[in-house]
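> no FASTA, just this:
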């Protein structure tokens with residue numbers, strides 16, 4: 001049996017978690033919107049066509065902010081197509097996913113859905129085929145009280161009260177050649193700066209996220225961030241970063257190590273942003289919006305995975321079926337986000353329903369939780385509070401990670417990977433939540449946790465997620481094959497906790513002050 005030690009002190013904190021850290025993403029892609037969150041005529045649909053079974057799962061998942069409407073989709077989207085009487089809205093060919101967009105669901109429907117789901121909207125503007133003029137008009141339509149052309153149009157459409165959207169994305173992945181009208185860093189920086197300036201003139205209270213490079217292994221990474229932030233530094237609050245973890249090489253140990261590259265990626269983007277601030281001798285710190293992250297590889301590499309020919313409406317594409325193995329790597333990513341709460345203030349799991357998602361539905365039928373649903377729900381439920389620094393003593397292993405994203409295919413060495421990956425969050429009333437990932441595939445691990453500067457504890461919840469078969473999945477016919485179970489833990493004595501973690505397991509222990 002392996003042994004590991006964790007030392008925590010309440011006085012050594014990283015930061016409070018921002019509520020926006022627990023976000024997700026809804027794009028007009030496949031069955032995410034149509035047949036996912038929105039399906040008029042479904043047995044559970046409300047009067048607005050929103051699936052109530054999906055809404056219930058979204059609330060259980062604990063998402064706090066939803067990025068919309070893309071993604072690649074937004075780079076060719078005319079927002080005006082999605083407002084006004086539904087019967088007069090045009091159908092458009094979507095070049096991002098080679099499908100037909102009926103525009104039955106648009107900005108106002110999304111805002112009504114956010115209200116029903118009790119989540120904050122994060123709206124993206126099209127800086128691919130369009131620019132600052134369309135972006136500032138959308139801000140006016142959504143946020144201005146009235147007395148102007150666009151705000152009065154919203155009121156004529158039936159929404160008298162402004163939507164008051166605070167968080168906005170300045171385009172999406174604009175360095176990617178797959179993006180409609182992708183741009184050089186200088187060209188994008190210029191259009192993003194002018195869009196940001198005009199959007200803020202319409203509503204000075206909004207917050208803006210500028211696009212970082214679309215991947216750590218893109219040739220533009222680093223130089224892109226530097227150039228774009230030089231142009232936009234005075235106008236933006238966040239810079240975005242995206243990553244999708246994979247197991248193309250069927251190497252489980254390396255797959256479970258891959259979240260450690262997320263840590264490295266975050267720290268590199270922080271350094272790039274702070275270098276721009278240093279050159280300006282500025283005390284301002286641009287925060288990070290990790291507004292696309294997930295496990296994605298089975299439905300990614302070929303056109304047949306991503307496209308259904310014939311321009312269909314809402315085709316079933318990118319419907320990744322997640323395994324127990326995926327849930328473990330996913331949990332490691334959750335820990336990485338928590339441990340960088342000082343700079344990662346926004347994060348969006350991509351996506352929410354059906355498309356590489358924790359929630360799956362059958363059109364006209366039921367809805368169920370994928371394996372990745374549970375680590376996210378645990379993070380959102382128990383991860384609210386002050387993230388603490390952890391000193392971990394654990395055996396390590398070496399691995400390598402293969403990442404074919406973008407125009408390069410690279411293998412990154414990941415040395416000295418601790419078998420135990422940990423995050424600790426201090427909550428109200430002297431509580432403490434521990435997130436513990438045992439990456440050893442064969443051995444149990446005895447973990448000793450010493451929590452200093454806390455009072456006495458009792459274990460209020462101890463949860464384990466594991467399965468003997470790492471390829472086990474949840475399906476329509478077997479929706480609870482993989483599900484959390486109670487974790488058997490040891491006694492607490494003088495601020496010390498002992499727990500025995502099964503091999504290849506995700507574990508959460510919530511301690512209440514006594």
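Good, I have the coordinates. From a predicted model like this one, the values you see are computed outputs, not experimental measurements.
> what's next to the strand or helix carrying residue 115, contact-wise?
Residue 115 belongs to helix 107-117 when elements are defined using DSSP states H and E. Contact with helix 107-117 is made by 26, 37-38, 46, 48-50, 55, 58-59, 63, 66, 68-69, 79, 82-83, 120-121, 123, 138, 141-142, 154, 157-159, 163, 165, as judged by Cβ atoms under 8 Å, 6 or more residues apart in numbering. C-beta: built from backbone N, CA, C; applies to glycine.
> so after that helix, what's the next helix or strand?
strand 120-125.
> quick one: contacts for the residue nearest to residue 52 when sequence neighbours are not counted?
Residue nearest to residue 52 in three dimensions, not counting chain neighbours: residue 44, with 4.4 Å by Cβ to Cβ, 6 or more residues apart in numbering. Counting by Cβ under 8 Å, 6+ apart, residue 44 touches 51-54.
> and residue 146, by the same measure?
By Cβ under 8 Å, 6+ apart, the neighbours of residue 146 are 152, 155, 160.
> the same query, at a cut-off of 7 Å, please.
152, 155 (Cβ atoms under 7 Å, 6 or more residues apart in numbering).
> any idea how far residue 433 is from residue 469?
Taking Cβ to Cβ, to the nearest Å as the measure, residue 469 falls 28 Å from residue 433.
> more neighbours: which of these two?
residue 433 (25 against 11; other Cβ atoms under 10 Å).
> the more buried one belongs to a helix?
No. In this structure, residue 433 is strand, not part of a helix, as judged by DSSP: H, G, I helix; E, B strand; the rest coil.
> could you give the bridge partners of it?
Taking DSSP bridges as the rule, residue 433 bridges to residue 425, residue 510.
> doesn't residue 463 make contact with it?
No. Between residue 433 and residue 463 no contact is recorded; they are 10.4 Å apart, counting by Cβ atoms under 7 Å.
> which residues are in contact with both of those two?
residue 508.
> just the helices in this protein please.
Remark: helices assigned in the chain by DSSP state H are 52-61, 107-117, 132-143, 149-156, 185-202, 223-232, 252-257, 259-279, 303-306, 324-338, 373-382.
> include mean pLDDT, mean neighbour count and distance to residue 481 when you put these into TSV, please.
Below are the helices of the chain laid out as TSV (pLDDT from 0 to 100; neighbours: other Cβ atoms under 10 Å; distance: least, Cβ to Cβ, whole Å):
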stretch	mean pLDDT	mean neighbour count	distance to residue 481
helix 52-61	98	18	17
helix 107-117	98	19	27
helix 132-143	98	22	42
helix 149-156	98	16	46
helix 185-202	98	20	45
helix 223-232	98	22	42
helix 252-257	96	23	19
helix 259-279	97	18	24
helix 303-306	89	12	24
helix 324-338	98	26	9
helix 373-382	98	23	12
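> sorry, back to before: please spell out the ChimeraX selection for the buried subset of the contacts of helix 107-117.
In ChimeraX, a selection of the buried entries from those looks like this (16 or more other Cβ atoms under 10 Å):
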select :26,37,38,49,50,55,58,63,66,68,69,79,82,83,120,121,123,138,141,142,154,159,163,165
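> which stretches in the stretch 301-450 of the chain count as strands?
Assigned by DSSP state E, counting those that start in this stretch, the strands in the stretch 301-450 of the chain fall at 344-350, 359-361, 367-369, 386-393, 396-403, 410-418, 420-426, 432-438, 445-452.
> hmm, back to that, farthest pair in the contacts of residue 44?
52 and 54 (7.3 Å; Cβ to Cβ).
> doesn't residue 141 make contact with residue 165?
No. With contact defined as Cβ under 7 Å, residue 165 and residue 141 do not form a contacting pair (10.1 Å).
> for the residue nearest to residue 52, give me phi and psi.
Phi and psi for residue 44, reported as degrees, to the nearest 10, are phi -100, psi 0.
> any low-confidence regions in the stretch 351-500 of the chain?
Within the stretch 351-500 of the chain, the ranges that satisfy pLDDT under 70 run 405-409, 489-491, 493-495.
> beta partners of residue 99?
Beta-bridge partners of residue 99, as defined by DSSP bridges: residue 94.
> neighbouring strands - and their directions - for the longest strand belonging to the chain?
When the chain is parsed with DSSP state E, its longest strand is strand 2-16. Strand 2-16 has its sheet partners listed here by DSSP bridges as strand 386-393 (antiparallel), strand 445-452 (parallel).
> stretch 96-110: how far from the chain's middle?
Offset of stretch 96-110 from its chain centre (Cα atoms, centre = their mean, to the nearest Å): 21 Å.
> and what of stretch 69-76?
That offset, for stretch 69-76, works out to 16 Å (Cα atoms, centre = their mean).
> pLDDT on that stretch, on average?
Taken as a whole, stretch 69-76 carries a mean pLDDT of 97.
> just stretch 17-30 next, same as before
98.
> distance of residue 306 from residue 96?
Residue 306 is 10 Å from residue 96, by Cβ to Cβ.
> same check on residue 504?
36 Å.
> circling back to that earlier point, adding distance to residue 498, write the strands paired with strand 2-16 out as TSV.
Listed next are these as TSV, based on distance: least, Cβ to Cβ, whole Å:
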stretch	distance to residue 498
strand 386-393	14
strand 445-452	5
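> turn those strands into a markdown table, including distance to residue 293 and mean neighbour count.
Compiled in a markdown table, the strands paired with strand 2-16 are given as follows (distance: least, Cβ to Cβ, whole Å; neighbours: other Cβ atoms under 10 Å):
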| stretch | distance to residue 293 | mean neighbour count |
| --- | --- | --- |
| strand 386-393 | 17 | 17 |
| strand 445-452 | 26 | 19 |
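> bridging residues for residue 287?
residue 238.
> my read: it touches residue 238, true?
Yes. The criterion here is Cβ under 7 Å, and residue 287 meets it with residue 238 at 5.1 Å.
> quick one: which of the two has more around it?
Neighbours per residue, other Cβ under 10 Å: of residue 287 and residue 238, the larger number sits with residue 238, 26 against 18.
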